[in-house]
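*Asks:* Kindly return the folded structure for what I paste below:
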Amino acid sequence: MSKKNIAVVMGGYSSEFEISLNSGAVVCESLDTALYNVYPVHILNEGWFFIAENGLKQPINKDDFSFIVNDSAVVPDVIFNTVHGTPGEDGLLQAYWELLKIPQTSPSFYASALSFDKRDCLMVLQGFGVKCANSYYINRGVDFSIDEVIKKVGLPCFVKPNRAGSSYGISKVQRQEDFKAALEKAYTEDHEVLVETALVGTEVSVGAYTVNGEIKVLMPTEIVSENDFFDYEAKYLGKSQEITPARISEEETKLVQAETKRIYKLLNMKGVTRCEFILQDGIPFFLEINTTPGLSKESIIPKQVRDANLTLTQFFGTLIEEASS
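*Replies:* Numbering: from 1, shown residues only. Okay, the predicted model is just below:
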């Protein structure tokens, strides 16, 4: 059996590009080289390159996403997408790969675009009865009343960019006079902003993926932040505890897993996703879904995979086989 050529695509154009490079590196070192030829591909503002073992950069031919290896062109059989943020989590690359007919591990371009837009995603899911926090939407340049916003969502509230990840640009606002500064911070990431009621309860994160077309849901991870919420520092600079499985009741575990599976289906997901919830009074309130979640060693999905007694090699292999089936 000939080996499949796998392009592990990482980087991106957003503030998250370094975190994505980390995820991509873990995938490259974990894939089974007896089954796959593994090619790291960096998609960055300065260009698209295959990175050879000696560190040399080979430009990607955008006509067919091929690159030169040992004097011959390689077109990937499957793309393992680890780009967080644009253009790998918002549907742009997915649409391009779909046009080239190259299978890839993340959801379709539309499912990716919809889930990346927090506002649109919440509105769709609320239509199916998924519980979410009260929210208010603000677009830069459009007049609004702070009093009206606070009346709808209350204090404390979260002010977050509509399309950004890794908690970039998010603030928790305790006093109305701090609202304007929080809004400006969110605008550094996106011109559309989402303001949400600060729910009170246990934050959990739940991974899901498909095997032979069947949705598998991993055990929830409980997030305990030393900071006021699960911000960038808490996520990446060790200011939080991530406890897998979460210290919640069996009933709550089943509820949040069932809701994760339902959302995965409703949004036509594929590959691995991660849903975030706040369990308030035992009820899961949906926050967001990540369609290219972090895969570095300290990320939540790898912890949940190990808890399920799977190796990353097995898990990443499953994602590739599922994408190409």
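
*Asks:* what about the spatially closest residue to Asn45 that is not a sequence neighbour, neighbour count?
*Replies:* If the residues on either side of it in the chain are set aside, Asn45 comes closest to Tyr13, at 5.5 Å by Cβ to Cβ, 6 or more residues apart in numbering. Where you see a C-beta, it was placed from the backbone N, CA and C, and this is true even at glycine. Neighbourhood size, Tyr13 [other Cβ atoms under 10 Å]: 16.

*Asks:* again, but for Tyr209
*Replies:* Residues near Tyr209, counting by other Cβ under 10 Å, number 23.

*Asks:* That one should be in a strand, yeah?
*Replies:* Yes. With DSSP: H, G, I helix; E, B strand; the rest coil as the criterion, Tyr209 is located in a strand.

*Asks:* so what's the closest residue to it other than its chain neighbours up against?
*Replies:* Excluding its sequence neighbours, the residue lying closest to Tyr209 (Cβ to Cβ, 6+ apart) is Val272, at 4.2 Å. Val272 sits next to Thr105, Gly207, Ala208, Tyr209, Pro293, Ile301, Phe315, Leu319 when contact means Cβ atoms under 8 Å, 6 or more residues apart in numbering.

*Asks:* swap in Glu196?
*Replies:* Ala133, Asn134, Ser135, Tyr136, Val153, Cys157, Phe158, Lys160.

*Asks:* And it, its phi and psi?
*Replies:* phi -130, psi 150 (degrees, to the nearest 10).

*Asks:* Do you know the pLDDT at it?
*Replies:* At Glu196, the predicted lDDT confidence score is 93.

*Asks:* and it, what are its bridge partners?
*Replies:* In this entry, Glu196 is beta-bridged to Ser135, Phe158, by DSSP bridges.

*Asks:* Which member of the contacts of Val272 is positioned nearest Asn70?
*Replies:* Ranked by distance to Asn70 (Cβ to Cβ), the contacts of Val272 are led by Thr105 at 25.7 Å.

*Asks:* I'd assumed Phe80 was in contact with the closest one.
*Replies:* Yes. With contact defined as Cβ atoms under 8 Å, Thr105 reaches Phe80; the gap is 5.1 Å.

*Asks:* Overlap in contacts, those two.
*Replies:* With Cβ under 8 Å, 6+ apart as the test, Thr105 and Phe80 both reach Leu319, Ile320, Ala323.

*Asks:* Can you lay out those residues as TSV showing secondary structure, neighbour count and distance to Tyr168?
*Replies:* Converted to TSV, the shared contacts of Thr105 and Phe80 look like this (DSSP: H, G, I helix; E, B strand; the rest coil; neighbours: other Cβ atoms under 10 Å; distance: Cβ to Cβ, whole Å):
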residue	secondary structure	neighbour count	distance to Tyr168
Leu319	helix	22	26
Ile320	helix	25	29
Ala323	helix	21	28
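
*Asks:* Would you tell me what the next helix or strand after the one helix or strand Val9 maps to is?
*Replies:* Under the criterion of DSSP states H and E, Val9 resides in strand 4-11. Tracing the chain C-terminally past strand 4-11 and defining elements by DSSP H and E, one meets helix 17-30 next.

*Asks:* Now stretch 119-127: buried residues?
*Replies:* Going by neighbour count (16 or more other Cβ atoms under 10 Å), the buried part of stretch 119-127 is Cys121, Leu122, Leu125.

*Asks:* again with stretch 18-28
*Replies:* For stretch 18-28, a neighbour-count test (16+ other Cβ under 10 Å) marks Ile19, Ser20, Leu21, Asn22, Ser23, Gly24, Ala25, Val26, Val27, Cys28 as buried.

*Asks:* Name the surrounding residues that touch that stretch.
*Replies:* Against stretch 18-28 from outside (Cβ under 8 Å, 6+ apart): 8-12, 38, 40, 42, 80, 82-85, 88, 166, 236, 292, 294-297, 299, 302, 312, 316.

*Asks:* Which among these count as buried?
*Replies:* Buried among the contacts of stretch 18-28 (16+ other Cβ under 10 Å): 8-12, 38, 40, 42, 80, 82-85, 88, 166, 236, 292, 294-296, 299, 302, 312, 316.

*Asks:* Can you tell me which of the buried residues of stretch 18-28 comes closest to Ser240?
*Replies:* Ile19 (15.1 Å).

*Asks:* Per-residue pLDDT of that closest one, please?
*Replies:* 92.

*Asks:* The residue lying closest to Asp32 once chain neighbours are set aside: what secondary structure?
*Replies:* If the residues on either side of it in the chain are set aside, Asp32 comes closest to Thr313, at 5.4 Å by Cβ to Cβ, 6+ apart. Assigned with three-state DSSP, Thr313 falls in the helix class.

*Asks:* So, low pLDDT: which residues of the stretch 201-325 of the chain?
*Replies:* The stretch 201-325 of the chain contains residues with pLDDT under 70 at 227-239.

*Asks:* This completes my enquiry, with thanks.
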